[in-house]
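In: Build me a model from this:
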Amino acid sequence: MGTLRAYFATGSSLTATAKALGVHVHTIQYRLAKVEELTGLKLRQSEDRLTLELALRILDLADLPPSQGPE
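Out: Predicted structure coming up:
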């Protein structure tokens with residue numbers, strides 16, 4: 001979720017996100033593609049992007065620990 005948070009914090013800039021995280025732009029593209037694959041949402045669509053950003057903000061407000069995956 002750190003990549004997604006950085007992506008939103010940088011105004012959805014791949015280059016700025018990569019720089020902030022110290023990784024290559026292709027790494028950001030790969031990670032965001034995985035987010036889209038796992039959620040079924042498309043970051044290029046404003047409604048989907050808003051859904052993801054709101055979900056992250058709700059998690060932050062609820063102070064819930066991030067999911068560790070299926071158990």
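In: Dihedrals phi and psi, residue 10?
Out: The phi/psi pair for residue 10 (degrees, to the nearest 10) reads phi -100, psi 20.
In: swap in residue 45?
Out: phi -100, psi 120.
In: Could you report the neighbour count for it?
Out: 11 (other C-beta atoms under 10 Å). C-beta coordinates here come from the backbone N, C-alpha and C atoms, glycine included.
In: just residue 31 next, same as before
Out: 18.
In: That one contacts residue 5, correct?
Out: No - with contacts counted by C-beta atoms under 8 Å, residue 31 stays clear of residue 5, the gap being 11.6 Å.
In: Just give me how far the longest helix seen in the chain sits from the chain centre.
Out: For the chain, the helix with the greatest residue count under DSSP state H is helix 46-62. Averaging C-alpha positions (C-alpha atoms, centre = their mean, to the nearest Å) puts helix 46-62 9 Å from its chain's average.
In: Quick one: list the elements packing against it.
Out: Applying 3 or more C-beta pairs under 8 Å, 6 or more residues apart in numbering; DSSP states H and E, we find helix 46-62 packed against helix 2-9.
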